[in-house]
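Engineer: Build the 3D model from these lines:
(2 chains)
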Amino acid sequence: MTPLAALIRRDIKIALRVGGGALIGVLFFLTVTVLMPFAIGPDLPLLARLGPAILWLGALLASLLTLDRLFTADHDDGSLDLIVMGRTPLELACAAKALAHWLAAGVPLIAATPVLGLLLNLDAAATSAVALTLLVGTPALTFTGMIGAALAVTLHRGGLLLAVLVLPLSIPVLIFGVAASQAAITGPLSFGTPFSILCALSLVSFVVGPFAAAASLRHGLD
Amino acid sequence: MFSGLDFAAASGEVLAVVGPNGSGKTSLLRLIAGLLVPGGGSIGLEGGEAELTLPEQSHYLGHRDALKPALSVAENLSFWRDFLGGATGDVKECLTAVGLGHATYLPAAFLSAGQRRRLSIARLLVVRRPVWLLDEPTSALDTAGQELFVGVMREHLASGGIIVAATHTPLGIEASELRMGGGK
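Structural biologist: Numbering: from 1, shown residues only, chains lettered A, B, ... in the order given. Sure, this is the predicted structure:
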């Protein structure tokens, strides 16, 4: 097995086992979405209008929930030292870790979206539009969040700091994710424009995230 | 942290780094491992594979064991074998060699401190690296474990390896000494 495949496999295994916390994100997502109709009231058209935004916010917060442990867990048990020393470039190892996090914590969110869409009075077309934008947008959340996660290693106990650092970075993703979903449901904008920008944001984060995280880790080890 | 330090270790040699607490033994090992950036001076490996850096040809056995409690003993070791790469050995054989053959499928969470250390030592065996950087390698090991570790080190030296070990207790193996601190 190649080093990167081994890293991805290990991280997914740990996330899915007891104490891993991959499913905590889905539970949190479910809770937020279920609470919303109670807060807003039984106004079905209003719920449908707010639906994509609620789903996106829920997914954003849920994906942040477990992200702070992305590097700190490895730092605490000494694995990070060996990963930094290894023959695999640190940038690639960071990208592999982010990918594993997305597969274990992000994909379940997307899979849960159709069910949660029902609770918000979204029809099938609207739900699939939201799920599609989440599929394209959540990797960007993970890969930009990874920069914050790497900084959290340097600044011990940076869990809350991570949210403060990462949430501003995820504003563009949120704007274009919700805009694309709304465009698919109500118009009048075309779906293609915000969706393309969302794709571009993801692609940029794939390039910038691993390098920024690796640089932060290299300087942050003590 | 320290200055005026000059040392060398040749193939088949052990360099024991000794000194009081806080004299910089761990920092020195982490410098060699490339985990700290030196303020000045240089560290290098002569011979070895030209395309790889010194850290890439080293094993680092630190205070922390780099084990995941959620994974089994064999899964932990297989991960490091696959990730570290290079010339690798058989996971089962290495576990048996460090006396963990019976615990292969046990989650690492259930291991005692000594068993965790043994599993870390198995990592040194499963992936071949010419330079071993050991930080208090025998702490937590029982007498049998220490004897076993001396055997492991002898084998490594016989195959031309280098060991740099920070230690308080004698390693049980002939070594040249690098004394840190005390105004030297």
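Engineer: and A:G220, what does it touch?
Structural biologist: For A:G220, the residues meeting the contact criterion (C-beta atoms under 8 Å, 6 or more residues apart in numbering or on different chains) are A:A150, A:L151, A:V153, A:T154. All C-beta atoms are positioned from the backbone trio N, CA, C, and that covers glycine.
Engineer: So stretch A:149-164, near chain B or not?
Structural biologist: No: using C-beta under 8 Å from any C-beta of the partner chain, stretch A:149-164 never reaches chain B; the gap is at least 12.8 Å.
Engineer: Span of that stretch from start to end?
Structural biologist: Stretch A:149-164 has its terminal residues 11 Å apart, counting by C-alpha to C-alpha, to the nearest Å.
Engineer: Distance from that stretch to the middle of the chain?
Structural biologist: If you compare the mean C-alpha spot of stretch A:149-164 with that of the full chain, they lie 16 Å apart, counting by C-alpha atoms, centre = their mean, to the nearest Å.
Engineer: low pLDDT regions in the chain?
Structural biologist: With no chain named, the answer covers chain A. Applying pLDDT under 70 to chain A flags the ranges A:19-20, A:157-159, A:222.
Engineer: think we crossed wires, I meant chain B
Structural biologist: Of all residues in chain B, those with pLDDT under 70 make up the ranges B:1, B:182-184.
Engineer: Up against chain A, what does it have?
Structural biologist: Selection of chain B residues close to chain A by C-beta under 8 Å from any C-beta yields B:30, B:33-36, B:52, B:55-56, B:58, B:60, B:62-71, B:75, B:78-80, B:82-86.
Engineer: could you redo the last one with a cut-off of 7 Å?
Structural biologist: Taking C-beta under 7 Å from any C-beta of the partner chain as the measure of proximity, chain B contacts chain A at B:33-35, B:52, B:55-56, B:58, B:60, B:62, B:64-68, B:70-71, B:79, B:82-86.
Engineer: In helices only, show me those residues.
Structural biologist: B:F79, B:D82, B:F83, B:L84 (DSSP state H).
Engineer: By neighbour count, which of the residues you listed wins?
Structural biologist: B:F79 (26 neighbours; other C-beta atoms under 10 Å in any protein chain shown).
Engineer: Tell me how far it lies from B:R128.
Structural biologist: 17 Å (C-beta to C-beta, to the nearest Å).
Engineer: and if you look at B:A50?
Structural biologist: According to C-beta to C-beta, B:A50 stands 17 Å off from B:R128.
Engineer: who's more crowded, these two?
Structural biologist: Regarding B:A50 and B:R128, a neighbour count based on other C-beta under 10 Å identifies B:R128 as having more, with 16 against 6.
Engineer: Ramachandran angles for the more buried one?
Structural biologist: When quoted as degrees, to the nearest 10, the phi and psi of B:R128 stand at phi -80, psi 120.
Engineer: now do the one 10 residues further on
Structural biologist: Comment: the main-chain dihedrals of B:T138 come out as phi -100, psi 0, following degrees, to the nearest 10.
Engineer: Can you say which helix or strand has the closest residue to it other than its chain neighbours in it?
Structural biologist: Nearest residue to B:T138, sequence neighbours excluded (C-beta to C-beta, 6 or more residues apart in numbering or on different chains): B:Q146, at 5.0 Å. Counting by DSSP states H and E, the secondary-structure element that holds B:Q146 is helix B:143-158.
Engineer: After that helix, heading C-terminal, what element do we hit next?
Structural biologist: Sequence-wise, the next helix or strand beyond helix B:143-158 is strand B:162-166, with elements assigned using DSSP H and E.
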